[in-house]
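# Just a sequence and a predicted model for now, questions to come.
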Amino acid sequence: MGKVAVTAAVVCTAAACAVAVLVVRRQMRSSGRWARAEAILRELEDKCGTPTAKLRQVADAMTVEMHAGLASDGGSKLKMLISYVDNLPTGDENGLFYALDLGGTNFRVMRMQLGGKDTPIKQEFDEVSIPPHLMVGSSHELFDFIAGALAKFVATEGEGFHLPPGRQRELGFTFSFPVRQLSLTSGTLIKWTKGFLIEDAVGEDVVGELTKALERVGIDMRVTALVNDTVGTLAGGRYINGDVIAAVILGTGTNAAYVERAHAIPKWQGLLPKSGEMVINMEWGNFRSSHLPLTEYDQSLDAESLNPGEQIFEKIISGMYLGEIVRRVLCRMAEEASFFGDNIPPKLKIPFILR
């Protein structure tokens, strides 16, 4: 009997909502507001259009910027950063490894036991949200918070994860912000993106900052590789499939990395690697072109952002900004077409309320 009552209540509620929607829709149509709402959406659809010809223009513009970025630092909107990764996994690697992935409003800590191609990867991870005040605080506070979370995770290491006696734990550090790599284990932060703005960290070696924080919390662990998340994704793909040559991230932000011929990188000053290859971190989130379909919503979002004029490609396609673009469209529909009735919902006026 209870289930019948619940089912009946749900059906009645759904019917009431449907009736309400129909009533509102008829009222909007009768007043011409529905037509105005549809016009706003059609206008957005037209401005976001990407026919094949436009996509080719965007691709050509990006290719030009790629070549310019490979030729010299500062010569392009695309940084085309040298990763110092000239050899990718073969699938034969084995042992216990830790990873830290910092690249957005959350970060991940992970441990994995590798046993080669014929052995399933054993892994455990934890995801931690970064308090908003730490995204605009100090470097010391942010890295201490991260090191503390990593220490708690290491403390839960159990059976099935085998660290040889006398061996120090090794950590791969995925840092998904523009970094000028100095070696495989060091790199200075160029700038923050994705809503972070910690000024005293810019220009500093992020591995050094993390290492000092690990020492402060008492973890015996060393960073053996600093990579961008896209480079890490490429390496993970190559571990599974030897034909993988590129990786793309579409998440909080966006980026791409790929395997380039070392002799095709004019700005590379060192000896050519024996492999003849080098992984390039494009940092394509900063790409900008007159061919990109920018709308008034994209332009206003950029103007009001922490970094106006930068990361344009990222702002029009990545997860951190899509909800905000939708909010701005809904606000216009609410203002010009009374889409939500006579009053605009108060929460809709809060930037980035939609995530």
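Done, it's in.

# Would you mark the buried spots in stretch 59-66?
Ala61, Met62, Glu65, Met66 (16 or more other CB atoms under 10 Å). Where you see a C-beta, it was placed from the backbone N, CA and C, and this is true even at glycine.

# Pull the contacting residues for the second one.
Translated: Met62. Met62 makes contact with Leu78, Trp284, Phe287, Ser289, according to CB atoms under 8 Å, 6 or more residues apart in numbering.

# Nearest residue to the second one in space, please, no chain neighbours.
In space, Trp284 comes closest to Ala256 once its chain neighbours are excluded; the distance is 5.1 Å by CB to CB, 6 or more residues apart in numbering.

# The one you found: what secondary structure?
Secondary structure for Ala256, judged by DSSP: H, G, I helix; E, B strand; the rest coil, is strand.

# do Lys315 as well
Once three-state DSSP is applied, Lys315 turns out helix.

# Count the neighbours of it for me.
By other CB atoms under 10 Å, 26 other residues sit near Lys315.

# can you tell me the helix or strand for the residue nearest to it when sequence neighbours are not counted?
Using CB to CB, 6+ apart and skipping the chain neighbours, the partner closest in space to Lys315 is Tyr321 (4.8 Å). Using DSSP states H and E, Tyr321 maps to helix 319-337.

# buried sites along that helix?
Neighbour-count burial for helix 319-337, counted by 16+ other CB under 10 Å, picks out 319-321, 324-325, 327-334, 337.

# Then stretch 86-99?
Per 16+ other CB under 10 Å, stretch 86-99 contains these buried residues: Asp86, Leu88, Pro89, Leu96, Phe97, Tyr98, Ala99.

# repeat for stretch 180-190
Buried residues in stretch 180-190, defined by neighbour count with 16+ other CB under 10 Å: Gln181, Leu184, Thr185, Ser186, Gly187, Thr188, Leu189.

# Greatest separation within those residues: which pair is it?
Pairwise distances across the buried residues of stretch 180-190 (CB to CB) peak at 16.6 Å, for the pair Leu184 and Leu189.

# can you pull the pLDDT of the residue nearest to the spatial centre of the chain?
In the chain, the C-alpha nearest the mean C-alpha coordinate belongs to Gly253, at 3.1 Å (CA atoms, centre = their mean). According to the prediction, Gly253 has pLDDT 88.

# is it true that it touches Glu314?
Yes. Here Gly253 lies in contact with Glu314, judged by CB atoms under 8 Å, at a distance of 5.2 Å.

# Give me the common contacts of the two.
Thr193, Lys194, Gly285, Met320.

# could these be laid out in a markdown table, adding distance to Asp298, pLDDT and secondary structure?
Shown next, in a markdown table, are the shared contacts of Gly253 and Glu314 (distance: CB to CB, whole Å; pLDDT from 0 to 100; DSSP: H, G, I helix; E, B strand; the rest coil):
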| residue | distance to Asp298 | pLDDT | secondary structure |
| --- | --- | --- | --- |
| Thr193 | 16 | 84 | coil |
| Lys194 | 16 | 82 | coil |
| Gly285 | 14 | 95 | helix |
| Met320 | 13 | 91 | helix |
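
# Nearest to Gly236 among these?
Gly285 (20.3 Å).

# That closest one touches Asn255, doesn't it?
Yes. Taking CB under 8 Å as the definition, Gly285 is a contact partner of Asn255 at 5.7 Å.

# who's more crowded, those two?
Between Gly285 and Asn255, Asn255 has the larger neighbour count (other CB under 10 Å), namely 28 against 25.

# measure that one to Leu234 for me?
11 Å (CB to CB, to the nearest Å).

# Report whether Leu150 is found in a strand, as I expect.
No. Under three-state DSSP, Leu150 sits outside any strand and is assigned helix.

# re earlier: between which two of the buried residues of stretch 86-99 is the distance greatest?
Asp86 and Leu96 (24.5 Å).
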